[in-house]
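> Sequence plus the predicted model coming up.
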Amino acid sequence: MIQIKDLHKSYHMGTNSLHVLKGINFNVKEGEMVSIMGSSGSGKSTLLNILGILDEADSGSYILDGVPIKNLNEKVAANYRNKFLGFIFQSFNLINYKTALDNVAMPLYYQGVKRQERIEKAEHYLEKVGLAEWSHHLPNELSGGQKQRVAIARALASDPKVLLADEPTGALDSKTSQEVMELIQGINDEGKTILMVTHEHDIAQMTKRIVHIKDGLIIDDNPVEQVRASLYV
Amino acid sequence: MFSRDRWDEILEALNANKFRTLLTAFGVFWGITILVLLLALTNGLKHGVMADFGNFATNSMFMWTQGTSKPYKGLPKGRNFNYKLDDVEAIKSEIPNIKYVSPRNQLGGFRGNNNVIRGTKTGAFEIYGDYPEFIKQQPLDILQGRFISYSDINDKRKICVVGTGVIKGLYDKNEDALGTYIKINGVNFMVVGTFKMSNSQGDKEQDANTIYIPFTTFGQAFNRGDNVGWMAVTAVDDVPITSIKQKIFDLMKFRHKIDPTDDRAIGHFDLSEQFARVNGLFTILSIVGYFVGSLVLMSGIIGISNIMLIVVKERTKEIGIRRALGATPWVVKSQILQESLILTILSGMVGISFSALVIWILNYLLDMNGPVDNFANPSVSMGVVFTALIILVVSGLLAGLIPANSATKMKPVDALRIE
């Protein structure tokens, strides 16, 4: 699903340049659930942004579902993001003047899906995350866990190939975290490929494979015995 | 482009901060109101001043004789001469592009002596000897009967057409004037028509105290022979009288043995030149109106642009999220553009409606309180409204352009990082 070869990325700030990714090689197969771990500044978020086509690598190749991601203009990049990827952010990133339903329907809106069909699909995904009766609430009327579940529904709405989660439990307490992880595991069980950045070990243990990044290089890449989140709940 | 979803998006965004939206809209509202009002007031002034021209055919001039100022062909200077009826024929036949030539004679005038008698009533009126064409140069509303005809001219009939002021002065209330006789300077004339000035604003009273009689009758009855007091000459519509008047003067000078360089022998008043001058003045006033109004409008538009920039800045993160979810830069840009466009057009429409209301009130007050000097019927044409709308659309797009560009300038990853 994802093939990365010799990926380099550096940031330039004035005269200083910061070499963040120093040659990452990394493959993800369909249906995998991978967590990327590393201390802050290790380059894990940069890697996730490049995977999410929000940022572009300086050199190296990135092939997503057989499509080379290289030198895309913004329009194509936006289409790929919409078609291939679903994002889950640490701070949820819901649009606060739109209801939960409208938030979930948004990727479908950008896909050009008709209004009625959009609402039906969005309702379906809200139901899937257990928030059907909250569909007409604004984000600020929801708890943190509920917000993240709306965000997950939104990420699923366009039926993407890969879910990218950036510290999805970073802003949640441990009980809510486990609930959210249970939901994410359920989505993975249905066959969705999931990549997750985290620095919490217990969360990482709930995935199937852990990749450690340090100073812009992968130092460790091992499958793990998945811990089911439902055990904690 | 304008689907229902788009509308919802835009209205949601505008509704998110109602007070700010309102304040922003006020700038454009005010600008367009001032633009439209300025043009309406200019128009009112124009209508008022134009009314002073009456509705005399504007492509006209009046010419009269003044006595020569140079000796010529053995004739001395200071010689008086008169136009004759042949001159009228000569002008008609020898000068191209002439529409009407009316020779005229006048008796009585401003504060003249009593010159008209009917039974025991007397009055001082202006008596004009005229040709039937004159009514085409100076339109009159014939209330009863008719104006002078060519058979009156040919038969030198003693008939007259009288103004409403004459009726008021010489007749009792509800008395029918048609067919009655009035005595002008001792000569009896039968009244065959009554008139009032159509659309007169200036000298209402003078106009109404006027009596028209056939030119030929005038010459015979009051000892003028075929002398012509002065002439009203109108050129065809697309040839300005100003361009052919010199030919007429030359012809007159030739026929009356006047030195061709003697400019003082013939006096004239060029209505079309005056009209063009006044028209030019108002064209300039309109341009000034557009200019000033547009500048005021522009400050409103800069206000919108400014606010949209702030809105874009505030929504940087939202825009980042939308782009992560698959919004193309064009979608983001067009939404910002449409927001500013709708804000501009809506507030502009309200401005146009408001100024229409003000104009209506002005007209109502003018109607209630009678005419005001040099000001009448302030109004704007649909053309102005459309121009204003076009200005609004263009400026709405301009106002949105810079903010829209700045909205997509940032990379999505940077936009998402902003808190």
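Sure thing, it's come through. Residues are numbered from 1 along each chain as shown, chains lettered A, B, ... in the order given.
> residue of chain A with the smallest distance to chain B?
Among residues of chain A, the one nearest chain B by CB to the nearest CB turns out to be A:N82. It sits 2.4 Å away. (C-beta placed from N, C-alpha, C; glycine too.)
> Just list the residues touching that residue, thanks.
When contacts are counted by CB atoms under 8 Å, 6 or more residues apart in numbering or on different chains, A:N82 touches A:P107, A:Y110, A:Q111, A:S158, B:L325, B:G326.
> so is it in a helix, a strand, or just coil?
Applying DSSP: H, G, I helix; E, B strand; the rest coil to A:N82 yields a three-state assignment of helix.
> Spatially nearest residue to B:K84, not counting backbone neighbours?
In space, and not counting its chain neighbours, B:K84 is closest to B:D226: 5.2 Å by CB to CB, 6 or more residues apart in numbering or on different chains.
> for A:H212, same thing?
Beyond its immediate neighbours in the sequence, the residue positioned closest to A:H212 (CB to CB, 6+ apart) is A:D220, lying 3.7 Å away.
> On the pLDDT front, check that neighbour for me.
The predicted structure scores A:D220 at 90 on the pLDDT scale.
> follow-up on the earlier one: phi first, then psi, for the residue nearest to B:K84.
The phi and psi torsions at B:D226 (degrees, to the nearest 10) take the values phi -100, psi 20.
> residues near it, how many?
Residues lying near B:D226 (other CB atoms under 10 Å in any protein chain shown) number 16.
> Please report how far it lies from B:I258.
For B:D226, the distance to B:I258 under the criterion CB to CB, to the nearest Å works out to 19 Å.
> Give me the buried stretch members for the strand or helix carrying A:V180, please.
Secondary-structure element containing A:V180, defined by DSSP states H and E: helix A:174-189. Neighbour counts using 16 or more other CB atoms under 10 Å in any protein chain shown place A:T176, A:S177, A:Q178, A:E179, A:V180, A:M181, A:E182, A:L183, A:I184, A:Q185, A:I187, A:N188 of helix A:174-189 among the buried residues.
> Quick check: what element follows that helix along the chain?
Following the chain from helix A:174-189 toward its C-terminal end, the next helix or strand by DSSP H and E is strand A:193-197.
> From the rest of the structure, what touches that following strand?
A:1-2, A:28-37, A:44-45, A:47-48, A:51, A:161-168, A:184, A:187-188, A:203-204, A:207.
> one more time with 7 Å
Taking CB atoms under 7 Å, 6 or more residues apart in numbering or on different chains as the criterion, the residues outside strand A:193-197 that touch it are A:1, A:28, A:30-36, A:44-45, A:48, A:51, A:161-168, A:184, A:187-188, A:207.
> Now do the contacts for B:T24.
Listed by CB under 7 Å, 6+ apart, the contact partners of B:T24 are B:G303, B:I304, B:I307, B:L343.
> swap the cut-off to 10 Å and go again
With contacts taken as CB atoms under 10 Å, 6 or more residues apart in numbering or on different chains, B:T24 has the following neighbours: B:14, B:17, B:300, B:303-308, B:310-311, B:340, B:343-344, B:347, B:399.
> what about stretch B:152-171, average pLDDT?
If you average the per-residue pLDDT over stretch B:152-171, you get 89.
> Quick check: buried residues in it?
B:152-153, B:157-167, B:169-171.
> try stretch B:138-152
Going by neighbour count (16+ other CB under 10 Å), the buried part of stretch B:138-152 is B:Q138, B:P139, B:L140, B:G145, B:F147, B:I148, B:D152.
> How about stretch B:241-257?
Residues of stretch B:241-257 classed as buried under the neighbour-count rule (16+ other CB under 10 Å) are B:I241, B:I244, B:K245, B:I248, B:F249, B:M252, B:K253, B:R255, B:H256.
> Widest-spaced pair of the buried residues of stretch B:138-152?
Between all members of these, the longest pairwise span (CB to CB) is found for B:P139 and B:D152 and amounts to 19.1 Å.
> okay, and for the chain, where does confidence drop off?
Unless you meant another one, I'm taking chain A. Low-confidence segments of chain A, defined by pLDDT under 70, are located at A:233.
> That was the other one, I meant chain B.
Filtered on pLDDT under 70, chain B yields the residue ranges B:1-3, B:53-55, B:109-112, B:198-207, B:419.
> residues in it within reach of chain A, list them.
Chain B has residues B:3-6, B:8-9, B:12-13, B:15-17, B:315, B:317-318, B:320-332, B:408, B:411-417, B:419 near chain A, with proximity defined as CB under 10 Å from any CB of the partner chain.
> Contact partners for B:N17?
A:Y97, B:L23, B:T24, B:I307, B:I310, B:V311, B:E314.
> just B:T216 next, same as before
Contacts of B:T216 by CB under 10 Å, 6+ apart are B:L85, B:G129, B:Y131, B:I148, B:D152, B:I153, B:N154, B:D155, B:K156, B:R157, B:R224, B:D226.
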